[in-house]
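[1] need a structure here:
(one chain, ligands or ions: 2)
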Amino acid sequence: METIRAVRGMHDTLPDAVSGWRRLERVAERVLESYGYREIRFPLVEKTELFERTIGKLTDIVSKEMYTFADRNGERLTLRPEGTAGCVRAGIEHGLLQGVAQRLWYVGPMFRHERPQKARFRQFHQVGAEAFGLPGPDIDAELIALSARLWRELQIDGLRLEINNLGDAQTRQRYRGKLVDYFEAYVQALNEDERERLARNPLRILDSKNPALKAIIEGAPTLDAFLDGGSREHFAELRRMLDHIGVLHVVNPRLVRGLDYYGGTVFEWASTRLGAQGAVCAGGRYDTLVETIGGKPTPAIGFALGIERLLELIGSGPAPAGEPHAYLVVAEAAAQARALQLAEQLRDRLPQLRLVVHCGKGTVKSQFKKADRSGAWLALVLGEEELRAETITIKPLRGQGEQRTVAWEAAATELGRSLGF
Ligand code: ATP
Ligand code: MG
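    Ligands and ions are numbered 1, 2, ... in the order given. Have a look, this model is predicted:
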């Protein structure tokens, strides 16, 4: 009989890969909650109209990427292509957004019928954060700082932050006219898709990945000339705050987003290591969205990060497939009792730690061989010198990082940090 395979563009996560996912989700949860964000869970399926009205009928997502179907009662439903619309819908429905600043986060699968390729899937996963009720650049800066902290904690470097300000609806309307005039002169260079964008949603041409258009896009007029004073000031203040916190950023005056609800601040984190699919996290303000779904006017900003793309950058994380995180090498026979005691203390402090203590003596060399074979991410070494100074040496066996020696009291904190707990 013919075997049945998974749906194209939708992937299984096998046991070996699960620990990487869990680590990312754990770090995200910890960081988000350390900024006061609370988790919200909402359905994978919503009424189609929710996405049409918020993301916009002329966007790529709504016009060609949604999984839309009629259920048995003939109701038009859609698998969520992103999380913001559902999050806002739930927030309004349960009165979470009224009269208070509200910070929410979520994680889960999203569905878009795109052409599957590297780092582009039909079921993919996002972590999203949304902050409501706060109009100022302070929350923009804080949200961006939060994302920067995520990359630090996940030990991902080489990401580049681009920011822009899209102004209000009137500004974009004025700019749109100017942009259409410009691109009409190059209509021969546009492919069919881009010609359609020119007619329906010209800002999206700026986001085109077509190499033939690169130089033309670089010559296009930018939106900043049309910005009103308030938007200019908001943007300048955001940049000052980012400088203050120490978040490096580049202003890209042609950065746009593919969803209609964005206005004002927008930003994107991208890596050069993922080719054309470099964006790992994107977000911005959507001050008119809550009203669009029938709520009271509520300023808001959020971002979504792509889990698969981040995992690609992290590679295999510490201790996949249930292997130990650390192997304690007892380099001095007299240290065995101390080693067992220290291990007990570490397990008390770090309940998720998988730690193997070497038992049964043996040379340091043979112990390191065993440590290696165990698959452990780190070796902990307790030798004569460490015993005397009441320290322990942490030596990475895989991945990057430097060998370091820390005091016993600091060992749990240091280990937790190295392992991303
Ligand atoms: P792109 O320009 O790559 O199509 P996008 O602008 O459509 O991205 P958003 O809707 O802003 O992406 O989603 C936020 C993040 O979700 C992206 O930066 C990316 O990391 C991830 N993402 C979006 N679409 C996909 C997909 N089809 N497969 C995997 N990850 C995705
Ligand atoms: Mg897209």
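[2] Check whether the closest residue to ligand 1 within the stretch 101-250 of the chain sits in a helix, strand or coil.
    Residue of the stretch 101-250 of the chain nearest ligand 1, by Cβ to the nearest ligand atom: Phe124 (3.4 Å). All C-beta spots, glycine's among them, are computed from the backbone N, C-alpha and C. At Phe124 the chain is in strand, as set by DSSP: H, G, I helix; E, B strand; the rest coil.
[3] Up against ligand 1, what does the stretch 251-400 of the chain have?
    258, 277, 279-282, 304, 306, 308-309 (Cβ under 6 Å from any ligand atom).
[4] Distance of Lys64 relative to ligand 1?
    12 Å (Cβ to the nearest ligand atom, to the nearest Å).
[5] in what helix or strand does Lys214 lie?
    Element membership for Lys214 (DSSP states H and E) is helix 214-218.
[6] So which bits of that helix are buried?
    Across helix 214-218, burial judged by 16 or more other Cβ atoms under 10 Å covers 216-217.
[7] now swap in stretch 7-15 and tell me
    In stretch 7-15, counting by 16+ other Cβ under 10 Å, buried: Gly9.
[8] got the contact list for that stretch?
    Contact with stretch 7-15 is made by 6, 21, 113-114, 116, 121-123, 321, as judged by Cβ atoms under 8 Å, 6 or more residues apart in numbering.
[9] Look up which residues are beta-bridged to Val330.
    The partner list for Val330 in beta bridges (DSSP bridges) reads Leu382.
[10] ok, it touching Gly360?
    No - using Cβ atoms under 8 Å, Val330 is not in contact with Gly360, being 9.6 Å away.
[11] Mind checking which of the two has more residues around it?
    Applying other Cβ atoms under 10 Å to Val330 and Gly360 shows that Val330 carries more neighbours, namely 25 against 8.
[12] How many neighbouring residues does the closest residue to Leu166 other than its chain neighbours have?
    The shortest distance from Leu166 to any non-neighbouring residue, by Cβ to Cβ, 6 or more residues apart in numbering, is to Gly263 (5.2 Å). Gly263 sits with 21 neighbouring residues when counted by other Cβ under 10 Å.
[13] For my notes, confirm Gly263 occurs in a strand.
    No - read with three-state DSSP, Gly263 is coil and lies in no strand.
[14] mind checking how far it is from ligand 1?
    When distance is defined by Cβ to the nearest ligand atom, Gly263 is 15 Å away from ligand 1.
[15] Could you report the separation of Gly133 from Thr288?
    Distance from Gly133 to Thr288, counting by Cβ to Cβ, to the nearest Å: 14 Å.
[16] That should have said Arg240, apologies.
    Separation of Arg240 from Thr288 (Cβ to Cβ): 26 Å.
[17] how about low-confidence regions in the stretch 251-400 of the chain?
    Applying pLDDT under 70 to the stretch 251-400 of the chain flags the ranges 316-322, 399-400.
[18] For ligand 1, give me its nearest residue in it.
    Closest residue of the stretch 251-400 of the chain to ligand 1, Cβ to the nearest ligand atom: Gly306 (2.3 Å).
[19] Identify the residues contacting that residue.
    Neighbouring residues of Gly306 by Cβ under 8 Å, 6+ apart: 119, 124-126, 279-281.
[20] Switch these over to a markdown table; also include neighbour count.
    Formatted as a markdown table, those follow (neighbours: other Cβ atoms under 10 Å):
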| residue | neighbour count |
| --- | --- |
| Ala119 | 17 |
| Phe124 | 19 |
| His125 | 21 |
| Gln126 | 21 |
| Ala279 | 17 |
| Val280 | 24 |
| Cys281 | 25 |
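[21] ok, the residues you listed vs Met1, which is closest?
    Of all the contacts of Gly306, Met1 sits closest to Phe124, with 30.8 Å by Cβ to Cβ.
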